[in-house]
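A.B. asks: Output the structure for:
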Amino acid sequence: MDEFDLIHSITPRTIRHSSVDVGIGDDAALYTAKHGVQEIVCVDTMVEDVHFKLHYSSPKDIGYKALAVNISDIAAMGGIPKFYLVSLAVPSKWTESEIKAMYEGMNELAKLYHMDLIGGDTVSTSDKLVVTVTVIGEVEKGQACLRSLARPNDVVFVTGEIGSSAAGLSLLSEETDPQNAVIEASYFINRHKRPQPRVNIGRLCSNVQRAALNDISDGLASELHEIAEASCVSIEIDERMLPVHSDLPKLHPHWKEWALFGGEDFELTGTVSKGEWELLKQECETRQLPITKIGHVIEKTESKVILKTDKTSVILEKKGYNHFK
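C.D. replies: Purely as a prediction, here's the structure:
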């Protein structure tokens, strides 16, 4: 298969959005933007042996996650994902069926969120596989959930459960013995390989008067630091309120490190006013969407993230995954 055969084979046969004027097949894609919305654009790159390893991630899993992490960024803005573009640097060892399987993994999510593949690029490489995905979305003008919107006395919350992805990675890399798991290790492994972007909860947050959001890619502590710094506030969270799977503490004695610093949960964490919290919580409960209050925003001259425990309070470091450390 040459480059042009590949492009032809992955070109969608149907377009889900009528706003697409020109998709794959010209020098660039064209689409018509709506009046009264802001366009959201985000990009993420995944590199073999940095973000995934081929001996425990299938091509389909790699494609799925490459798109999922970008959709999560759209969710963190309170937006709707619409289009995506894919750039691949492919080693010669990859087969046609493996490349197609990667696109199938992306399309599995794209169908769920009604997204269109509208372009990209493919090159060969003598080294590792590199996957770069760009996602374009939209949010109603003035309703984006920015990190800078946290205010003193706001409620701090998190969606879903945290730490499960880090546990899955630890199991995959054999740092944790799966025999310690009370439930099947596959649950935690699946949470690492196939995160579920919280677009639905992000959309609910965009409808409140003011919400700050961040998606948990590098770890809860790191994401809360980013909100605190952008909003010039401090954040205090309660260790006892952190939502984790009931079997997480049984897997490893350092499970709290996974919950606070593990990353790649791709859940949302954020803040809303006390009054809006009750409305948001009720909306989530009605839709059976998991959301948990974990603390509150406090006014401080220096931006910090503080963890309350049974006996004391500690300042959390801004640590988590960092490519350059």
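A.B. asks: and Pro81, how many neighbours?
C.D. replies: 27 (other Cβ atoms under 10 Å). C-beta coordinates here come from the backbone N, C-alpha and C atoms, glycine included.
A.B. asks: Locate it within the secondary structure: which element?
C.D. replies: strand 80-91 (DSSP states H and E).
A.B. asks: Looks like Trp277 contacts Val156 (just checking).
C.D. replies: No. Using Cβ atoms under 8 Å, Trp277 and Val156 do not qualify as a contacting pair, with a distance of 9.4 Å.
A.B. asks: And these two? Which one has more around it.
C.D. replies: Between Trp277 and Val156, counting by other Cβ under 10 Å, Val156 is the more crowded of the two (27 against 20).
A.B. asks: for the protein, which spans come out with low pLDDT?
C.D. replies: Counting by pLDDT under 70, the chain has low-confidence residues at 1-4, 6-7, 10, 26, 180-183, 320-325.
A.B. asks: Could you give the backbone dihedrals for His51?
C.D. replies: Dihedral angles phi and psi of His51 (degrees, to the nearest 10) take the values phi -100, psi -20.
A.B. asks: which neighbours do Trp277 and Val156 share?
C.D. replies: Residues touching both Trp277 and Val156 (Cβ atoms under 8 Å, 6 or more residues apart in numbering): Lys293.
A.B. asks: ok, now which ones touch Asp265?
C.D. replies: With Cβ under 8 Å, 6+ apart, Asp265 has these contacts: Gly160, Glu161, Ile162, Gly163, Ser164, Ser165, Ala166, Arg191, Pro195, Ile216, Leu220.
A.B. asks: gap between the strand holding Pro81 and the chain center?
C.D. replies: Centre-to-centre, strand 80-91 and its host chain are 15 Å apart (Cα atoms, centre = their mean, to the nearest Å).
A.B. asks: Which strands and helices lie in contact with the next helix or strand after it?
C.D. replies: Note on strand 80-91: by DSSP H and E, the next helix or strand toward the C-terminus is helix 96-112. When contacts are defined as 3 or more Cβ pairs under 8 Å, 6 or more residues apart in numbering; DSSP states H and E, helix 96-112 packs onto helix 3-10, helix 59-76, strand 80-91, strand 116-125.
A.B. asks: Ile315 is nearest to which of these?
C.D. replies: helix 59-76 (24.5 Å; Cβ to Cβ).
A.B. asks: Now do the closest one: which elements does it pack against?
C.D. replies: Counting contacts by 3+ Cβ pairs under 8 Å, 6+ apart, helix 59-76 packs against strand 37-47, strand 80-91, helix 96-112, strand 130-140, helix 185-193, helix 199-206, strand 211-215, strand 268-272.
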